[in-house]
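1. Here's my sequence, what's the structure:
(one chain, ligands or ions: 4)
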Amino acid sequence: MINIKDKKDCCGCSACAQKCPKACITMVEDHEGFLYPQVDAALCIDCGWCEKVCPLLNLPEKIQPQEVLAVKNRNEEERMASSSGGVFIALAKKALEKGGVVFGAVFDGNWEVKHTYAETIEGVRKMMGSKYVQSRIGDSYRDAERFLKEGREVLFTGTPCQITGLHKFLRKDYPNLLPVDFLCHGVPSPGVWRKYLDETFIHPARRAAAGKNTVLSSSLKSVPVITGIEFRDKKMHGWKKFSFVVRGSASKADKNSVLLSDIHNVNPYMRGFLSDIYLRPSCYQCKCKNGVSHSDLTIADFWGLKMSDVDDDKGIGMVLIHTEKGREIFETLDMEVSHSTLETAKRFNGGFNENVTPHPKRRIFYKKLSKGVPVESAVKMALHVPVYRKIYNKIRGLFKKLI
Ligand SMILES: Cc1cc2nc3c(=O)[nH]c(=O)nc-3n(C[C@H](O)[C@H](O)[C@H](O)COP(=O)(O)OP(=O)(O)OC[C@H]3O[C@@H](n4cnc5c(N)ncnc54)[C@H](O)[C@@H]3O)c2cc1C
Ligand code: SF4
Ligand code: SF4
Ligand code: SF4
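-> Ligands and ions are numbered 1, 2, ... in the order given. Below you'll find the predicted structure:
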């Protein structure tokens, strides 16, 4: 039976839990806010299925991309509503046209992130945009298998480890499956996200209702109803300086006010994510990136590239074509395309990096959280650089330049 000794050896795909014939594996959240399998040994019949389907115990060979493309969806509205070049929505629409089913990540009723499937354009729109929180896969692999066996086209999108887990769970190739992953920096903790959201929007409003200080507007005297969260808003400051935006009902009159709008490198939650404080342990030594997942296509941001000499700051996507099936489907999309190379793509994108270093204050950060320190303060504490260090860094920089 599955037995996780080192947390970095589990990416949380839940292939094991979905495959277990006795349903004796439960995904349980640990103190860092990530899900891990827990086996009820009394029910286990030692069949070994959980180990057979675990992607990290059965890693596939790496494959190389056949082609690297820089792309823009020609539909500007769709591109603006997407995080990068708008490739996902184009693929999803193509799948729906063929009567297919699309799997991806959405917010649930509590603004936590989960995987689900959609058979309509309304359902697919909810999947658009990167959500920087690990998504709960739930029963998605089982649902996908059912649709595949019925002969439906299935577009399954997710992190490279989720796609590796899907292949291991299915255990055979389906011609009607199109697995698509993205370049993955790593996934932040759902537990930290929940705490941040609660501290920033729910508790301050409760405090305001009780007449105490609040970080939110003083007109906000009740718990706000959040109506939208975008981790990658391009409307405020463009694609490169993307913003983290939360909308909601701050007053009775306005149901869609901007409750919070921060450029990504200012928002405390985003700073903690991008500084690698609360990524999943498996992300610090990722085994599923760079062709291991056997996705047909990998999608990403093409940072650092000027396309057709017109970088309109509305998003340039990257597409890595891994298979002929991926190429055939990609060629049916209405995209502005320019050819590139893996070297150029790698130069500007940290998503290729398999070994992201854990932030040196990761443990202290979690210790602070366990003592009740709010996420925002714990992030600030972890990222604080003392004045003497700043001066030392500056002098060292100048010295290096001189040499
Ligand atoms: C956690 C995370 C880390 C990423 N790291 C990088 C990186 O280092 N470099 C890079 O170039 N790109 C990275 N991306 C991918 C990038 O942000 C875009 O999602 C990608 O370029 C596709 O953009 P798009 O415009 O085609 O479509 P969009 O509409 O922006 O993408 C939506 C797609 O992302 C999926 N998705 C959204 N959130 C999640 C989630 N939490 N878990 C699983 N799937 C999700 C949706 O299901 C859908 O398939 C990351 C995305 C996520 C979610
Ligand atoms: S060995 Fe079989 S029964 Fe036991 S936990 Fe694994 S899959 Fe379930
Ligand atoms: S990586 Fe996936 S299959 Fe393996 S133990 Fe973790 S959740 Fe289970
Ligand atoms: S970095 Fe690797 S382990 Fe972490 S979510 Fe991405 S693919 Fe999975």
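
2. What number of residues are in the vicinity of whatever residue of the stretch 201-350 of the chain ends up closest to ligand 2?
-> Proximity of the stretch 201-350 of the chain to ligand 2 (Cβ to the nearest ligand atom) peaks at residue 282, 19.7 Å away. All C-beta spots, glycine's among them, are computed from the backbone N, C-alpha and C. Using other Cβ atoms under 10 Å, residue 282 has 22 other residues around it.

3. Per-residue pLDDT of it, please?
-> With respect to pLDDT, residue 282 has a value of 98.

4. That one contacts residue 54, doesn't it?
-> No. Contact criterion Cβ atoms under 8 Å: residue 282 and residue 54 do not qualify, at 11.8 Å.

5. quick revisit: nearest residue to the residue of the stretch 201-350 of the chain closest to ligand 2 in space, please, no chain neighbours.
-> Among residues not flanking residue 282 along the chain, residue 11 sits closest, at 4.4 Å (Cβ to Cβ, 6 or more residues apart in numbering).

6. Using the three-state scheme, assign the one you found.
-> Here residue 11 is coil, with the state taken from DSSP: H, G, I helix; E, B strand; the rest coil.

7. Please name the residues that touch it.
-> 55-56, 159, 161-162, 165, 280, 282, 288 (Cβ atoms under 8 Å, 6 or more residues apart in numbering).

8. cool, and residue 256?
-> Residue 256 touches 227-228, 247-249, counting by Cβ under 8 Å, 6+ apart.

9. Which positions within the host helix or strand of residue 69 qualify as buried?
-> According to DSSP states H and E, residue 69 maps onto strand 67-73. By neighbour count on 16 or more other Cβ atoms under 10 Å, the buried set for strand 67-73 is 68-73.

10. just curious, which of those is nearest to ligand 3?
-> Using Cβ to the nearest ligand atom, the buried residues of strand 67-73 come closest to ligand 3 at residue 68, 28.6 Å.

11. The closest one pairs with what?
-> Residue 68 forms beta bridges with residue 320, residue 340, as assigned by DSSP bridges.

12. pLDDT score assigned to it?
-> With respect to pLDDT, residue 68 scores 97.

13. these two touch, right, it and residue 337?
-> No. Between residue 68 and residue 337 there is no contact under Cβ under 8 Å: 11.0 Å.

14. quick one, strands of the protein?
-> 25-29, 35-39, 67-73, 101-107, 113-118, 154-158, 177-182, 225-233, 243-249, 257-263, 297-301, 317-321, 335-340 (DSSP state E).

15. and the fourth one, does that touch ligand 4?
-> The reference is to strand 101-107. No. Strand 101-107 is not in contact with ligand 4 by Cβ under 6 Å from any ligand atom; minimum separation 11.6 Å.

16. Let me know whether that strand sits next to ligand 1.
-> Yes. Contact of strand 101-107 with ligand 1 (Cβ under 6 Å from any ligand atom) involves 104-105.

17. And that strand, what does it pack against?
-> Judged by 3 or more Cβ pairs under 8 Å, 6 or more residues apart in numbering; DSSP states H and E, strand 101-107 is in contact with helix 87-97, strand 113-118, helix 121-125, helix 140-149, strand 154-158.

18. Paired strands for that strand, with orientation please.
-> Sheet pairing for strand 101-107, assigned by DSSP bridges, gives strand 113-118 (antiparallel), strand 154-158 (parallel).

19. Only alpha carbons, please: show the longest helix along the chain as CSV.
-> Counting residues, the longest helix in the chain under DSSP state H turns out to be helix 387-402. Extracted in CSV, the C-alpha atoms of helix 387-402 (Å, rounded to 0.1, in the frame of the first residue of the first chain):
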residue,chain,number,x,y,z
VAL,A,387,19.3,47.6,6.3
TYR,A,388,22.8,46.3,6.9
ARG,A,389,22.2,43.5,4.4
LYS,A,390,20.8,45.9,1.8
ILE,A,391,23.9,48.1,2.2
TYR,A,392,26.2,45.0,1.9
ASN,A,393,24.3,43.8,-1.2
LYS,A,394,24.6,47.2,-2.8
ILE,A,395,28.4,47.4,-2.1
ARG,A,396,28.9,43.9,-3.4
GLY,A,397,26.9,44.8,-6.6
LEU,A,398,29.0,47.9,-7.2
PHE,A,399,32.2,46.0,-6.5
LYS,A,400,31.2,43.2,-9.0
LYS,A,401,30.5,45.9,-11.6
LEU,A,402,33.9,47.5,-11.1
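
20. hmm, who's touching that helix?
-> So helix 387-402 is contacted by residue 385 (Cβ under 8 Å, 6+ apart).

21. Now that residue 86 has come up, it's in contact with residue 72, right?
-> Yes. Counting by Cβ under 8 Å, residue 72 is a contact partner of residue 86 at 7.2 Å.

22. Tell me who's in contact with residue 168.
-> 15, 52-55, 58.

23. Flag every residue of this structure that's near ligand 1.
-> 82-89, 104-105, 113, 127-133, 135, 157-159, 182-185, 187, 299-301, 317, 349-351.

24. Only whichever of these are buried, select them in PyMOL.
-> The PyMOL command for the buried members of those (criterion: 16+ other Cβ under 10 Å) is given here:
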select buried, resi 82+83+84+85+86+87+88+89+104+105+113+127+128+129+130+131+132+133+135+157+158+159+182+183+184+185+187+299+300+301+317+349+351
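
25. Let me have the strands of the chain in CSV, extended by distance to ligand 3.
-> Shown next, in CSV, are the strands of the chain (distance: least, Cβ to the nearest ligand atom, whole Å):
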stretch, distance to ligand 3
strand 25-29, 7
strand 35-39, 5
strand 67-73, 29
strand 101-107, 17
strand 113-118, 13
strand 154-158, 12
strand 177-182, 15
strand 225-233, 24
strand 243-249, 29
strand 257-263, 33
strand 297-301, 20
strand 317-321, 23
strand 335-340, 32
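
26. so which of the ones you listed comes closest to residue 195?
-> Across the strands of the chain, residue 195 has its closest neighbour in strand 25-29 (12.0 Å, Cβ to Cβ).

27. returning to what we had before: so which of the helices and strands packed on strand 101-107 is the most packed in?
-> Compared across the helices and strands packed on strand 101-107, strand 154-158 shows the largest average neighbour count, a mean of 25 (mean count of other Cβ atoms under 10 Å).
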